[in-house]
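A.B. asks: Structure of the sequence below:
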Amino acid sequence: MVRYISFFFALLLIGCQTDLSSNNEVVKGNSDLKISDGVLDLSQFSQEQQKVEREQAAKRREALKAGRVVLDADDKEKIGAKSVNLAVFARSVSNKVGEKIYFRNFLGADGNPGCRKFLNKNTAQIFFLKNGGPKNDYHNIDTDGDGFACKWDPEIYRKIDSLSKNTEPNN
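C.D. replies: This is a model prediction of the structure:
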């Protein structure tokens, strides 16, 4: 019985195999490639297609450059003297978060209760600087005296400054 099953499978395998080398049919879309070649080489098509796509991308890029509009900031859009620039402030001071440099005299300060009214640390720091900070803390948001409201961290702004110094070309 096992002999018949193995013979049947051998016949099935031999019957399923076809010889493509006897066919001389042309592959659709490419008159130079025949089925009898046995291998479908798409490298020529890929290179031609890539060249076409590069040319289309270059045309699109030129069209976008031609349509680009550069706007100059007018006097209304410029940063005013009363506005607070956190990046400039962060780069103007060198102390670390928690390093006391200003005297604070708060009795019963419990973990910056004034910080609860702000959405985030940046808004707290801007409010702090607009209202007497860092020397004076009228709203109890810099209890440790480091000049940073609600544990605001200037490190991200300091990194921006150091990155711009590292990327300047050498003269």
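
A.B. asks: what's the least confident helix or strand in this protein, going by average pLDDT?
C.D. replies: helix 155-166 (a mean of 68; mean pLDDT, DSSP states H and E).

A.B. asks: The helix ranked longest in the chain: which residues count as buried?
C.D. replies: The helix spanning the most residues in the chain, taking DSSP state H as the definition, is helix 43-66. Within helix 43-66, not a single residue qualifies as buried, counting by 16 or more other C-beta atoms under 10 Å. Every residue, glycine included, has its C-beta placed from N, CA and C.

A.B. asks: pLDDT of that helix, averaged?
C.D. replies: On average, the pLDDT along helix 43-66 is 87.

A.B. asks: pull the CA atoms of it into CSV?
C.D. replies: Only the C-alpha atoms of helix 43-66 are listed here, as CSV (Å, rounded to 0.1, in the frame of the first residue of the first chain):
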residue,chain,number,x,y,z
SER,A,43,16.4,45.8,-13.5
GLN,A,44,16.2,47.7,-16.8
PHE,A,45,12.6,48.6,-16.1
SER,A,46,13.4,49.7,-12.6
GLN,A,47,16.3,51.9,-13.7
GLU,A,48,14.1,53.5,-16.4
GLN,A,49,11.2,54.0,-14.0
GLN,A,50,13.6,55.5,-11.4
LYS,A,51,14.9,58.0,-14.0
VAL,A,52,11.3,59.0,-14.9
GLU,A,53,10.4,59.4,-11.2
ARG,A,54,13.5,61.5,-10.6
GLU,A,55,12.7,63.8,-13.5
GLN,A,56,9.1,64.2,-12.3
ALA,A,57,10.3,65.0,-8.7
ALA,A,58,12.7,67.6,-10.1
LYS,A,59,9.9,69.3,-12.0
ARG,A,60,7.7,69.2,-9.0
ARG,A,61,10.4,70.7,-6.8
GLU,A,62,11.0,73.5,-9.3
ALA,A,63,7.3,74.2,-9.5
LEU,A,64,7.1,74.4,-5.7
LYS,A,65,10.1,76.7,-5.5
ALA,A,66,8.5,79.0,-8.1
